[in-house]
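**Q** What follows is a predicted structure for the sequence shown.
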Amino acid sequence: MPILLFVFIIIPIAEMAVLIQVGGVIGVFNTIGIVLLTAVAGAWLLRQQGLATLLKANQRLNSGELPAKEVAEGLILAVGGVLLLTPGFITDAFGFVCLIPFTRHWLAALAMKKMVVSGGNSGFNFRAGAGGDPFGRRSPFDRDDNGDIIEGEYRDETKTTHDRLDKK
């Protein structure tokens, strides 16, 4: 609930205060012009960066890898685009932070530390946290403490032993 209070009440009030202050200094029409200019520039940047991220994701898929980083960057780009289309200077600042490649890569790295990505027959599964499976099983795409992907296969020996005992 506190996050919703922040998003839907405090941010719009702060945006109005900043818009009123800027409008008082440079004028109403100049303020509206800057807000429109940031929306157009943001849409252009979003298109450019979004296409580049999509191409990288496609290349990773074609090479047989999961495009987890690209998916995280795509979500950050979407959030940045929404923030840039929202009128105001505060949301525009955060939107541009999401669109700048350096900061977007940094935000994606933070997001990747918070989620576990695994591939399966039904597509990609994103789970919050770094714990993985609640039963202690590891996915072939789990990451070790250094963030490296550990690939491998396993065989459940207990099942094989039980099957042997059942046959006797």
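**A** Ah, there it is. Residues are numbered from 1 along each chain as shown.

**Q** can you give me the helices in this structure?
**A** In the chain, the helices defined using DSSP state H lie at 2-5, 11-26, 28-62, 68-85, 89-99, 101-114, 157-167.

**Q** List the buried residues of stretch 102-115.
**A** The neighbour-count check on stretch 102-115 (16 or more other Cβ atoms under 10 Å) flags 104, 107-108, 111-112 as buried. Placement of C-beta: from N, CA and C, glycine included.

**Q** Tabulate those (a markdown table), appending pLDDT and distance to residue 67.
**A** Shown next, in a markdown table, are the buried residues of stretch 102-115 (pLDDT from 0 to 100; distance: Cβ to Cβ, whole Å):
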| residue | pLDDT | distance to residue 67 |
| --- | --- | --- |
| 104 | 91 | 15 |
| 107 | 91 | 16 |
| 108 | 89 | 11 |
| 111 | 84 | 14 |
| 112 | 83 | 12 |
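
**Q** which stretches of the chain have low pLDDT?
**A** 1, 116-152, 154, 156-168 (pLDDT under 70).

**Q** quick one on the thing from earlier: between the buried residues of stretch 102-115, which is nearest residue 75?
**A** Nearest to residue 75 among the buried residues of stretch 102-115, counting by Cβ to Cβ, is residue 111 at 7.6 Å.

**Q** just checking, the closest one touches residue 74?
**A** No: checked against Cβ atoms under 8 Å, the pair residue 111 and residue 74 is beyond contact range at 11.0 Å.

**Q** Can you dump the C-alpha atoms of stretch 100-119 in PDB for me?
**A** Output in PDB follows, covering the C-alpha atoms of stretch 100-119 (Å, rounded to 0.1, in the frame of the first residue of the first chain):
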ATOM      1  CA  ILE A 100      20.400   5.500 -21.300                       C
ATOM      2  CA  PRO A 101      22.300   2.200 -22.200                       C
ATOM      3  CA  PHE A 102      24.800   2.500 -19.300                       C
ATOM      4  CA  THR A 103      22.200   3.000 -16.600                       C
ATOM      5  CA  ARG A 104      19.800   0.500 -18.200                       C
ATOM      6  CA  HIS A 105      22.500  -2.200 -18.200                       C
ATOM      7  CA  TRP A 106      23.200  -1.400 -14.500                       C
ATOM      8  CA  LEU A 107      19.400  -1.600 -13.700                       C
ATOM      9  CA  ALA A 108      19.100  -4.900 -15.600                       C
ATOM     10  CA  ALA A 109      22.100  -6.300 -13.700                       C
ATOM     11  CA  LEU A 110      20.300  -5.400 -10.400                       C
ATOM     12  CA  ALA A 111      17.100  -7.000 -11.600                       C
ATOM     13  CA  MET A 112      19.000 -10.200 -12.700                       C
ATOM     14  CA  LYS A 113      20.300 -10.600  -9.200                       C
ATOM     15  CA  LYS A 114      16.700 -10.500  -7.900                       C
ATOM     16  CA  MET A 115      15.300 -13.100 -10.200                       C
ATOM     17  CA  VAL A 116      16.000 -16.600 -11.300                       C
ATOM     18  CA  VAL A 117      15.400 -17.400 -14.900                       C
ATOM     19  CA  SER A 118      14.900 -20.900 -16.100                       C
ATOM     20  CA  GLY A 119      13.900 -22.400 -19.400                       C
END
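
**Q** Cool, thanks, signing off.
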